[in-house]
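[1] I'd like to go over a predicted model; first the sequence, then the structure.
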Amino acid sequence: MTAKEPSEIATGPVSPRPSPSGTDAWGRLAALARDGGERAMADLFAADPGRAERYSLHCGDLFLDYAKNRVDDAVLAALVQLAEEMDLPAGIRALFAGEPLNVSEGRPALHVALRGSDRVAGAAGESLRTAVAAELARARDLAARVRAGTWRGVTGRAVSDVINIGIGGSDMGPRMLYHALRQYADPGIRCHFIANVDGAEIRSLLAGLDPETTLVIVASKSFTTHETRLNAGTTRDWFERTLGLPRAEVMGHFVAITENFAEARAFGIADQQLFRMWDWVGGRYSLWSSIGLAAMISIGPEAFGELLAGAAEMDAHFLSAPLVRNMPVILALLGIWYRNFLGAEAQAVVPYCERLGYFIGHLQQLDMESSGKSVSVDGEPLDYPTGTLVFGQTGTNGQHSFFQLIHQGTHLIPVDFIGVVDDPLSDPVHHQALLSHMLAQGAALMRGGDDPTLPPERRHPGNRPSNVLLLKGLTPRNLGALIALYEHKVFAQGWLWNINSFDQWGVELGKAIAGQLLAPGGDGLASIDPSTRRLLDIIQGSA
């Protein structure tokens, strides 16, 4: 299967969906928000001794406690009704069937196929799985040879350093995996990630590396992304200069992961060092493919396989669990409740594990690039808000940063706390303190402290919502399930909002204007506004 065959995967057009704001459930939820949206969670616990158990879910080694939310059975029933009226189960089936959910580009969104699921793509499933498995096998082979020291550079030396050059999903995903799974990393191979076009970063990195023992991965779906091409070109020049060898020889140190083989070949990378990206995989969903090669080299093919297995386990849960017991669906419905009915514009994600620090950046792209839309899948303006500002930091650092705003500010900001129960890399005393802080923050946000004997500035209003996600351990399998959980949450919200979660046209306009500003001889400046033109003159020293 080639990269240009989405029609072989898609099963047909997606059925039109109604506007969620026109459903009976939407009106019911609006009424519930007016009548009880401020109801104290402490009262809900007092009225229902079994709330903590009933408002919790398991999937594999992931446990979700969502009891500390401003919802009761009536709100949850109305949210599930919304999912039913919007036919979310059909949307989930359409995702796995390879229907063209990315309607603006006429493509399916088949990142789930990269996990090896046998439930994907209908009649074309077998050929799709064969193509995915073949590409994964090639990546596994390269990773195994690099780790064993049998993949050699042009001077015959083994690899000690890997540079991943990419941006967006071609950087954030593998970078996050590498840092999160460092417990499994090969200590003899260091991975480095370059995304920003800031020349200080690439120059500083290259100054500390030996080109004879460096492997470069150029990760770009289109292989035309300006930042990636510029960084890759600078790196190629560095190899030529420091090794004193012609380009044809130093390009043996480069591999590419792309849909656009022609551009990669033109850059100088040989066919045997090209790995396939498909047009039906969005960048922010691509870490499961060869885009994850740097992480695979670090943790090994077997551990990477466990990552895929964990994601596949969450896929199966999302596809088969009833709505009321479906972990991604519950998170999505809670997000709809806060965004559309209680006015929350932001969502905090706080992992109490330092190794999950880059997970927040990955999630920001996943969520905000997917849900930052103001028109429906039919191109009609929306009469309700979509998307939330996703932000966060690892705990306990975040407690000394933005938690003041969450506790006592005027904004309603739901929080997702993520904790790792067993962490062999940590000291038991430290780990107990870490998780105690996490639990204390959730309890304090809910309970508050409105002691009338205290001055107003020391009172906490409480009733601030949070979820707690517990991973039994930060294993590849559990990390795969966690990432897939949020992928499916974002998809479910997008389906309920009736938006296309798989395009990102808003990203393209700035790229086009940057191209105008960089055009030789100022040829592209005719349509540039006076403010931008003056700033450009100042930067270029002509004003």
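    Yep, it's here.
[2] Now Val281. Nearest residue, chain neighbours left out?
    Sequence neighbours aside, His111 is the residue nearest to Val281 in space, at 5.4 Å (criterion: CB to CB, 6 or more residues apart in numbering). C-betas here are computed from N, CA, C, even on glycine.
[3] any idea how far the one you found is from Leu308?
    Distance of His111 to Leu308, computed by CB to CB, to the nearest Å: 11 Å.
[4] Looking at the two, which is more packed in?
    Applying other CB atoms under 10 Å to His111 and Leu308 shows that His111 carries more neighbours, namely 25 against 20.
[5] Roughly how far does that one sit from Ser56?
    Taking CB to CB, one finds His111 at 28 Å from Ser56.
[6] related to what we said a few turns ago, please identify every residue contacting each of His111 and Leu308.
    Both His111 and Leu308 are contacted by Trp288, under the criterion CB atoms under 8 Å, 6 or more residues apart in numbering.
[7] mind listing the strands in the protein by residue range?
    Here the chain has its strands, by DSSP state E, at 56-59, 62-65, 161-165, 190-194, 214-219, 254-258, 274-276, 346-352, 389-392, 415-422, 466-473.
[8] got TSV for these, with distance to Leu536, mean neighbour count and mean pLDDT too?
    Formatted as TSV, those follow (distance: least, CB to CB, whole Å; neighbours: other CB atoms under 10 Å; pLDDT from 0 to 100):
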stretch	distance to Leu536	mean neighbour count	mean pLDDT
strand 56-59	52	17	97
strand 62-65	49	19	98
strand 161-165	27	24	98
strand 190-194	26	22	98
strand 214-219	29	27	98
strand 254-258	31	26	97
strand 274-276	37	21	96
strand 346-352	34	24	98
strand 389-392	30	19	98
strand 415-422	41	21	98
strand 466-473	46	20	98
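[9] TSV please, covering those strands and showing distance to Asp315.
    Listed next are those as TSV, based on distance: least, CB to CB, whole Å:
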stretch	distance to Asp315
strand 56-59	11
strand 62-65	13
strand 161-165	26
strand 190-194	27
strand 214-219	24
strand 254-258	22
strand 274-276	21
strand 346-352	21
strand 389-392	22
strand 415-422	20
strand 466-473	17
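[10] Ala321: which of those is closest?
    Each of the strands of the chain has some distance to Ala321 by CB to CB; the shortest is strand 56-59, at 7.9 Å.
[11] Okay, now the sheet partners of the closest one, with direction.
    Sheet pairing for strand 56-59, assigned by DSSP bridges, gives strand 62-65 (antiparallel).
[12] Just the CA trace of the strand it pairs with, in CSV.
    Provided in CSV are the C-alpha atoms of strand 62-65 (Å, rounded to 0.1, in the frame of the first residue of the first chain):
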residue,chain,number,x,y,z
LEU,A,62,-5.1,2.7,34.6
PHE,A,63,-7.6,3.8,37.3
LEU,A,64,-9.7,6.9,37.0
ASP,A,65,-11.4,8.6,39.9
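[13] returning to that earlier point: tell me which of the strands of the chain sits nearest to Leu319.
    Closest to Leu319 of the strands of the chain is strand 56-59 (CB to CB; 12.0 Å).
[14] Now do the same contact list for the closest residue to Phe318 other than its chain neighbours.
    Among residues not flanking Phe318 along the chain, His488 sits closest, at 4.5 Å (CB to CB, 6+ apart). If you count contacts by CB under 8 Å, 6+ apart, His488 has them with 314-315, 318, 328-329, 332.
[15] now Leu95
    Counting by CB under 8 Å, 6+ apart, Leu95 has contacts 101, 109, 112, 491.
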